[in-house]
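Engineer: coordinates for the following, if possible.
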Amino acid sequence: MTDRPARARELGLEPHPEGGWFRQTWRSEVEVTVSDGRVRPTATLIWFLLPPGESSAWHRVASDEIWLAHDGIVELQFGGDGDQPVAGEVARVSTSEDTQVLVPAGVWQRTLPGTTEALVSCLVSPGFDFADFELA
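Structural biologist: Okay, here's the model as predicted:
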């Protein structure tokens, strides 16, 4: 990622550490204490933009994540829940195929490079916190 894409500028998106561009658009004011004592909002929501040819790195979060399609196609690859990701099933998140795709808590995921720009939202519950984010 070198230049900020026009749509990222329009939506106020910033570079995401995993790749792509993002901005948190909502954070629940209701909090929950998870089993290990962490306190998180019940849910958070972001916009995530993936320009043509870009991908995200293998990563996982400690909460369930639902990808919601807005525009374009994102190929989302699952990598299991072991210590390191292992390339597995690919889901296509798009308005004409799977409009919602669940990535269970603790499962490795990455996006594959596409040929067109794609915009999705990602809903995380319990809410996302970078302390719960792991890059491979």
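
Engineer: all strands for this structure, in order.
Structural biologist: 14-15, 21-27, 31-33, 39-41, 44-50, 59-61, 64-71, 73-78, 90-94, 100-103, 109-112, 118-125, 133-135 (DSSP state E).

Engineer: so where's this structure uncertain?
Structural biologist: The model of the chain has pLDDT under 70 over residues 1-2.

Engineer: beta partners of the residue most central in space within the chain?
Structural biologist: The residue lying closest to the centre of the chain (CA atoms, centre = their mean) is residue 122, at 5.3 Å. Beta bridges link residue 122 to residue 46, residue 67, judged by DSSP bridges.

Engineer: likewise for residue 32?
Structural biologist: residue 40.

Engineer: quick one: it from residue 79, how far?
Structural biologist: According to CB to CB, to the nearest Å, residue 32 and residue 79 sit 27 Å apart. (Each C-beta comes from the backbone N, C-alpha and C, glycine too.)

Engineer: looking at these two, which is more packed in?
Structural biologist: Between residue 32 and residue 79, residue 79 has the larger neighbour count (other CB atoms under 10 Å), namely 20 against 14.

Engineer: returning to that earlier point: surely the residue nearest to the centre of the chain is in contact with residue 68?
Structural biologist: Yes - using CB atoms under 8 Å, residue 122 is in contact with residue 68, at 7.3 Å.

Engineer: related to what we said a few turns ago, name all residues that make contact with the residue nearest to the centre of the chain.
Structural biologist: Shown in contact with residue 122 (CB atoms under 8 Å, 6 or more residues apart in numbering): 45, 46, 48, 65, 66, 67, 68.

Engineer: can you redo these as JSON lines with neighbour count?
Structural biologist: Shown next, in JSON lines, are those (neighbours: other CB atoms under 10 Å):
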{"residue": "45", "neighbour count": "18"}
{"residue": "46", "neighbour count": "19"}
{"residue": "48", "neighbour count": "23"}
{"residue": "65", "neighbour count": "21"}
{"residue": "66", "neighbour count": "17"}
{"residue": "67", "neighbour count": "21"}
{"residue": "68", "neighbour count": "17"}
